[in-house]
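[1] attaching a predicted model along with its sequence, questions to come.
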Amino acid sequence: MLNLSEKHAMIQKIAEKLAKERVAPRAKEIDATGAFPWDLVDLCKKHGFLYLMLPEEYGGLDGDITSLCLVTEELAKVSGTSSLIQLAHHVGVMPIMVAGTEEQKKYIYGKIAQADEPNLVAFCLTEPEAGSDASHMRTAATKEGDHYYLNGKKSMITNGANSQFFTVFATTNPAARNAGISCFCFEKDYPGVVIGKSEEKLGMIGSDLTELIFDNVRLTKDNLIGKEGKGWDIAMATLNLSRPAVGAQAVGIAQGALDFAVEYAWKRVQFGQKIADFEGIQFMVADMATQVEAARALVYDAALLLDMKVYERDKMSAIGVDKLSAMAKVFSADTAMKVTTDAVQILGGVGYTKEYPVERMMRDAKATQIYEGTNQVQRIVIARDIFRKYIP
């Protein structure tokens, strides 16, 4: 049981009501058609979920990572796609939170919170040859006089086709590897920005996963987020902030599948009795529920630590945020995969059909093991943190 503040409890209640009444009825259709659900994006903006973490002085709700986790979990209980769209948007905003100037925040935050239409922001790190090994990116920003000229390609960008802003990581000094990466933010209507192909996916249908091509996009120092060469630190700080929210998404998907499977088991009769009366089903449900609660505890423990506002990369490492953030993500994602698979098993043959939502939840759960750093990479992060004290 979470011990929520009055403000967090109110945010959770609003998100729960919105999810049940407005998002849940659309979930099956979104998965079937793959159409980007602009109506639900509008709904999220109307309720403040697109500017949840922005300070009140910029028109935001002054929320925190815990707030983001609560909203994400509630939406994910009924629709992985809907939870992902607003979550990915917040990931796109986080580099500006971490390192943006006052002028950048005023302009971009204003576009997010005050514009009539919803303006999404996409986080652009992954490339065709630089997935888990993002430091080998080839997208380059070449400086000439007062301008940077951006060239390259980003891939697997969530909300890429539907965002107004992009936070893009590019090398400004290839020889320096990580220390040569910088972060830029600009709008989609800049000359040279090309929206490439959108991927056909296993799950999270309805969210777009898109290729972005940059052909000599001209930028200025006003587009630079933080200092030149500090992009890698900004990216890592962003991922530390976002991983608990991905964990919350996984928890929400798992909880939704568990709730449905439990209700089904209570109503389904076989061999003259409810299948909930069979010990085999009871053991499955007990394990599923225990795993979900453990994952939730990890997620909100990590969120609480991050809400200390320790956004600087060196401070994050010093207080163990890297490890706990990775643990929350990896354990929750693995839990979601197992719980949704077990939910399909409890439903039996009908669980494998699209008549019921658990097969969709199983497909959506798989994504949480991959994005924001694969679970294999998370285990490396965790192990390195554990062994750090032995490094001279």
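    Yep, it's here.
[2] those strands in the stretch 151-300 of the chain, which residues are they?
    Assigned by DSSP state E, counting those that start in this stretch, the stretch 151-300 of the chain shows strands spanning 165-171, 181-187, 193-198, 209-220, 224-225, 269-270, 273-274.
[3] roughly how far is the fifth one from the heart of the chain?
    Taking the mean of its C-alpha atoms, strand 224-225 sits 22 Å from the chain's own mean (CA atoms, centre = their mean, to the nearest Å).
[4] and the gap between the residue lying farthest from the centre of the chain and Phe278?
    Distance from the C-alpha centroid of the chain peaks at Gly272, with 44.4 Å (CA atoms, centre = their mean). Distance, Gly272 to Phe278, using CB to CB, to the nearest Å: 11 Å. For the C-beta atoms, the positions are set from N, CA and C on the backbone; glycine is no exception.
[5] read off the pLDDT value for Asn3.
    Asn3 is assigned a pLDDT of 85 by the prediction.
[6] and it, its phi and psi?
    phi -100, psi 90 (degrees, to the nearest 10).
[7] ok, now Glu199?
    The phi/psi pair for Glu199 (degrees, to the nearest 10) is phi -80, psi 150.
[8] what of the one 3 residues further on?
    Here is the backbone geometry of Leu202 (degrees, to the nearest 10): phi -70, psi -50.
[9] repeat that for Val121.
    Note on Val121: backbone dihedrals following degrees, to the nearest 10 are phi -120, psi 130.
[10] for Ala122, see how far away the closest residue to it other than its chain neighbours is.
    The shortest distance from Val121 to any non-neighbouring residue, by CB to CB, 6 or more residues apart in numbering, is to Gly92 (3.3 Å). Using CB to CB, we find Gly92 at a distance of 5 Å from Ala122.
[11] tell me where the model's unsure across the stretch 101-250 of the chain.
    By pLDDT under 70, the stretch 101-250 of the chain has no low-scoring segment.
[12] so which bits of stretch 294-306 are buried?
    295-296, 298-300, 302-303, 305-306 (16 or more other CB atoms under 10 Å).
[13] surely the residue nearest to Val121 meets Thr167?
    Yes. With contact defined as CB atoms under 8 Å, Gly92 counts as touching Thr167 (5.3 Å).
[14] who touches both of those two?
    Taking CB atoms under 8 Å, 6 or more residues apart in numbering as the contact rule, Gly92 and Thr167 both touch 121-123.
[15] can you redo those residues as JSON lines with neighbour count?
    Compiled in JSON lines, the shared contacts of Gly92 and Thr167 are given as follows (neighbours: other CB atoms under 10 Å):
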{"residue": "Val121", "neighbour count": "26"}
{"residue": "Ala122", "neighbour count": "25"}
{"residue": "Phe123", "neighbour count": "28"}
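[16] picking that back up, what residues sit buried inside the helix or strand hosting the residue nearest to Val121?
    Under the criterion of DSSP states H and E, Gly92 resides in helix 80-99. Neighbour counts over helix 80-99 (16+ other CB under 10 Å) mark 80-99 as buried.
[17] and the following helix or strand past that helix, what does it pack against?
    Scanning forward in sequence from helix 80-99 by DSSP H and E, the next helix or strand is helix 102-113. In terms of contacts (3 or more CB pairs under 8 Å, 6 or more residues apart in numbering; DSSP states H and E), helix 102-113 is packed against helix 80-99.
[18] what residues does Phe49 make contact with?
    15, 71, 86.
[19] and if you look at Leu43?
    By CB under 8 Å, 6+ apart, Leu43 lies in contact with 18, 22-23.
[20] now, the residues you listed that are in helices?
    Leu18 (DSSP state H).
[21] out of the contacts of Leu43, which comes closest to Val194?
    For those, the residue nearest Val194 by CB to CB is Val23; the value is 32.0 Å.
[22] so that closest one makes contact with Ser79?
    Yes. Counting by CB under 8 Å, Ser79 is a contact partner of Val23 at 5.1 Å.
[23] what is in contact with those two at once?
    Contacts common to Val23 and Ser79, judged by CB under 8 Å, 6+ apart, are Leu40.
[24] the more surrounded of those two?
    The neighbour comparison of Val23 against Ser79 (other CB atoms under 10 Å) goes to Ser79, with 30 against 24.
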